[in-house]
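# Coordinates for the following, if possible.
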Amino acid sequence: APDSRTYAFVAFGGDDSGGGFGGGRAIYTIAEDGTRMTRVNTAPPADATATPRRGRRGRGGFGGGGDPQFSKDGRSLYFMQGGGVYSVAVSGGGGGESSTPSPATGSGRRGRGFGGRGAAVSDSPAAGGATPTRVNFTVRIEVDRAAERRQVFEEAWRVMKNRFYDKNMHGADWNAAKETYEKLLPNIDNTEELHNVIMEMIGELNASHTGISGGEAPNDLADRVQTRYPGFDLEPDEAGGYYKVTNVYRKGPADHEYVKLKTGNYVLSVNGRELKSNENLWRLLNLVTGRKFEFRVNDKPQLDGAWTVTVDPISGMEQSNLQYETWVDARRDMVNRLSDGQIGYLHIKAMDAPSLVRFQRDLLDNLDKKALIIDERFNGGGGIDQELLAILSQRKKYESMRGRDSVELPRPSQGFFGPMAVLQNERSASDAEMFPEGFRTLGLGKVIGTPTYGAVIGTGAFGLLDGSTIRTPGTGVFTAKGVNFENYGVQPDVLIDNIPADFLAGHDRQIEKAVEVLKGEVGVVGQAQ
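Residues are numbered from 1 along each chain as shown. The predicted model follows:
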């Protein structure tokens, strides 16, 4: 603040239970001695939830803004949040005392990591009831599009030059690249073409986790017709002349007792329109938001005796999740069948927090198995390799617990104590490449499959003038032997591939090989015991 007695700061990813908004970001004020820490942006005013006028998105800050700033007299704080500019009155900035109770009164909850003296955190607005007020304004500007595109190009080149993890730019002549591609600027006409030119230039680096996106007003998708999914699969039945149900997804919208539908039924019409086997099914699955599917169904390919089934449609993402769970269940059943129930199976979908939680749960489900297949094929990465390896490194049971009429639980409860193997393939990328390499380096077991994608690098993002964002790898990642992971590709201990014919036939040679390898290791362990 102007009087140097109060500080304002932004906290990212913290507790948002105080009614704040902005995705876990919050502004606090705190006295110079570490006391009277108070959250500033609590509940938004009524107009804060209004949809901003369409236009370019800003960069950084609270939904498009910069750091908070005090007014000249220090009694107000301005900040950007949710696409708008706000002002809130604060005490202390101009020399006055804060109305927030001191730590001695104990009315505020204690902060986590803020204030070395254990300052109490108050969720009350800084000025004893002040509420942020939106500052409405209109600005009309004239934009020279050609100059703007040149500026964005210059920023993209400069940001990559100064933030790329390798100062030698992977051997590329970055100055020459600029000269080559900036010659195209007079001939481009829109943001998409600009981004194409910039990405062609970035391609000279031969680096993953790069690119540029955004910069245009988002399209309003609320009322658009989109393809919806009913939760079951249909295949044309040429003999019957209609489509036939071939699979009902478990836990999908059609997987309910009250939905009278099962595999083998014929779907005769969709939302009142007859559907023959020689017609395009998908055009009848395009719906606007809020509509439901109404299917005319029968156990034979005729209208006589048909009944109506109503289903709440799901999105493409939800459909993808149902397909994923079906795929995982099939792999688990395959392993169970091939190993006579001796070998467990789990799949890691992504290297993120939800996948870590599921991994821990799946690990508990497999504690009674003699060996374990950890499948991370088709995993696009994230950042939980250390957490996974820390759990799997606990290789020896030292105690156990058992409740009355219950099962034995080993200690450590997280870990696996038998032979393990990791399945990887060419679609295992980024952190899903660091994991199998670390698994092998730590001596936890064999890696089976095909070489990984070869894209491991620590990336970040930087906002450009027009609101677009450029991804900039700022950290190199290296193996224990000092080899750069980027363009490396983790080699398996046992090379085995699934060819296209295997996918079409539902055949998984990599699963079969993993079971074969672990069966041998289980036999060795049994002989040793």
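
# Run through the residues that contact V267.
Listed by C-beta atoms under 8 Å, 6 or more residues apart in numbering, the contact partners of V267 are L234, Y242, Y243, K244, V245, L275, F295, R296, V297. Glycine gets a C-beta too; all of them are placed from N, C-alpha and C.

# which among those residues end up buried?
Using 16 or more other C-beta atoms under 10 Å as the burial test, the contacts of V267 include L234, Y242, Y243, K244, V245, L275, F295, R296, V297 as buried.

# I'd like the contacts of V267 written out as TSV, with pLDDT added.
Shown next, in TSV, are those (pLDDT from 0 to 100):
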residue	pLDDT
L234	96
Y242	96
Y243	96
K244	96
V245	97
L275	94
F295	96
R296	96
V297	96
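
# Of those residues, which belong to strands?
If you go by DSSP state E, these have L234, Y242, Y243, K244, V245, F295, R296, V297 in strands.

# separation between the third one and L261?
Computed as C-beta to C-beta, to the nearest Å, the Y243 to L261 distance reads 13 Å.

# contacting residues for E200?
Y181.

# Tell me the secondary structure at it.
The local conformation at E200, judged by DSSP: H, G, I helix; E, B strand; the rest coil, is helix.

# thinking again about what came up before, closest one to E433 out of the contacts of V267, please.
Proximity of those to E433, judged by C-beta to C-beta, is greatest for L234, which lies at 37.7 Å.

# can you count the residues close to D340?
Using other C-beta atoms under 10 Å, D340 has 8 neighbouring residues.

# and what of the one 4 residues further on?
Burial of G344, expressed as a neighbour count using other C-beta under 10 Å, amounts to 25.

# which stretch of helix or strand covers it?
Secondary structure assigned from DSSP states H and E places G344 in strand 343-347.

# Would you mark the buried spots in the following helix or strand past that strand?
From strand 343-347 onward toward the C-terminus, using DSSP H and E, the following helix or strand is helix 353-365. For helix 353-365, the buried set under the neighbour-count rule, 16+ other C-beta under 10 Å, comprises S355, L356, F359, D362, L363.

# mind putting those in CSV, pLDDT and distance to P492 included?
Rendered in CSV, the data for the buried residues of helix 353-365 read as follows (pLDDT from 0 to 100; distance: C-beta to C-beta, whole Å):
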residue, pLDDT, distance to P492
S355, 97, 21
L356, 97, 24
F359, 97, 21
D362, 96, 22
L363, 95, 22
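
# Of the residues you listed, which is the nearest to Y488?
The closest of the buried residues of helix 353-365 to Y488 turns out to be S355 (C-beta to C-beta; 23.0 Å).

# show me what contacts the closest one?
Contacts for S355 (C-beta under 8 Å, 6+ apart) come out as I348, K349, G382, I384.

# what bits of the stretch 401-529 of the chain have low per-residue confidence?
Filtered on pLDDT under 70, the stretch 401-529 of the chain yields the residue ranges 524-529.

# quick one, helices of it?
For the stretch 401-529 of the chain, applying DSSP state H, counting those that start in this stretch gives helices covering 431-441, 500-505, 509-528.

# so what does the longest one touch, helix or strand wise?
Think helix 509-528. helix 316-338, strand 343-347, strand 371-375, strand 420-424, strand 445-449 (3 or more C-beta pairs under 8 Å, 6 or more residues apart in numbering; DSSP states H and E).

# now the second one
For helix 500-505, the packing partners by 3+ C-beta pairs under 8 Å, 6+ apart come out as none at all, with no helix or strand in contact.

# please renumber so the chain begins at 34
Taking 34 as the first residue, the last one we looked at is helix 533-538.

# Can you tell me what sits against that helix?
Taking C-beta under 8 Å, 6+ apart as the criterion, the residues outside helix 533-538 that touch it are H540, D541, R542.

# any chance of these in a markdown table, plus neighbour count and distance to A64?
As requested, those are arranged in a markdown table below (neighbours: other C-beta atoms under 10 Å; distance: C-beta to C-beta, whole Å):
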| residue | neighbour count | distance to A64 |
| --- | --- | --- |
| H540 | 13 | 68 |
| D541 | 22 | 63 |
| R542 | 13 | 66 |
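
# between those, which is closest to L355?
D541 (19.6 Å).

# What is the least confident helix or strand in this structure?
strand 142-143 (a mean of 40; mean pLDDT, DSSP states H and E).

# need the buried ones among the contacts of V300 in a markdown table with distance to V480, can you?
Output for the buried ones among the contacts of V300, formatted as a markdown table (distance: C-beta to C-beta, whole Å):
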| residue | distance to V480 |
| --- | --- |
| L267 | 39 |
| Y275 | 48 |
| Y276 | 43 |
| K277 | 42 |
| V278 | 40 |
| L308 | 47 |
| F328 | 46 |
| R329 | 51 |
| V330 | 47 |
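
# Out of the residues you listed, which is nearest to G349?
Using C-beta to C-beta, L267 is the member of the buried ones among the contacts of V300 that sits closest to G349, with 16.3 Å.

# so what's that closest one bridging to?
The residues listed as beta-bridge partners of L267 by DSSP bridges are V278.

# so where is this structure shaky, pLDDT-wise?
Along the chain, the model assigns pLDDT under 70 to residues 46-58, 74-99, 125-163, 249-257, 557-562.

# Next up, the contacts around the residue positioned nearest the centre of it.
To find the centre residue of the chain, average its C-alpha atoms and take the closest one (C-alpha atoms, centre = their mean): that gives D385, at 6.9 Å. Contacts of D385 were listed using C-beta under 8 Å, 6+ apart, and they are G415, G416, I417.

# out of those residues, which are buried?
For those, buried by 16+ other C-beta under 10 Å: G415, I417.

# and the contacts of D385, which of them are in strands?
Mapping those onto strands (DSSP E) picks out no residues; all lie outside.

# In a markdown table, list the contacts of D385 along with distance to S446.
Rendered in a markdown table, the data for the contacts of D385 read as follows (distance: C-beta to C-beta, whole Å):
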| residue | distance to S446 |
| --- | --- |
| G415 | 24 |
| G416 | 24 |
| I417 | 19 |
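
# now, which of the contacts of D385 sits nearest Y198?
Distance ranking of these against Y198, using C-beta to C-beta, places G416 first at 16.3 Å.

# Tell me how far the nearest residue to that closest one once chain neighbours are set aside lies from G415.
Nearest residue to G416 in three dimensions, chain neighbours excluded: D464, at 5.4 Å (C-beta to C-beta, 6 or more residues apart in numbering). From D464 over to G415 the distance is 5 Å, taken as C-beta to C-beta.

# who touches both of those two?
Going by C-beta under 8 Å, 6+ apart, residues that sit against D464 and also against G415 are M384.

# quick one, what contacts V303?
Counting by C-beta under 8 Å, 6+ apart, V303 makes contact with L317, L318, F326, E327, F328.

# at 10 Å what do you get?
Contacts were defined as C-beta atoms under 10 Å, 6 or more residues apart in numbering; by that measure V303 touches P263, L267, Y276, L314, R316, L317, L318, L320, F326, E327, F328, R329.

# Can you tell me the SS state at S302?
Quick answer, by three-state DSSP: S302 is strand.

# what pairs with it across the strands?
In this structure, S302 has beta-bridge partners E307, R329, where bridges are defined by DSSP bridges.

# farthest residue from the center of the chain?
When each C-alpha in the chain is compared with the mean C-alpha position (C-alpha atoms, centre = their mean), D337 comes out farthest, at 48.2 Å.

# okay, now the residue nearest to it when sequence neighbours are not counted: neighbour count?
On the basis of C-beta to C-beta, 6+ apart, the spatially nearest residue to D337 that is not a chain neighbour turns out to be N331, at 7.9 Å. Burial of N331 is recorded as 17 neighbouring residues (other C-beta under 10 Å).
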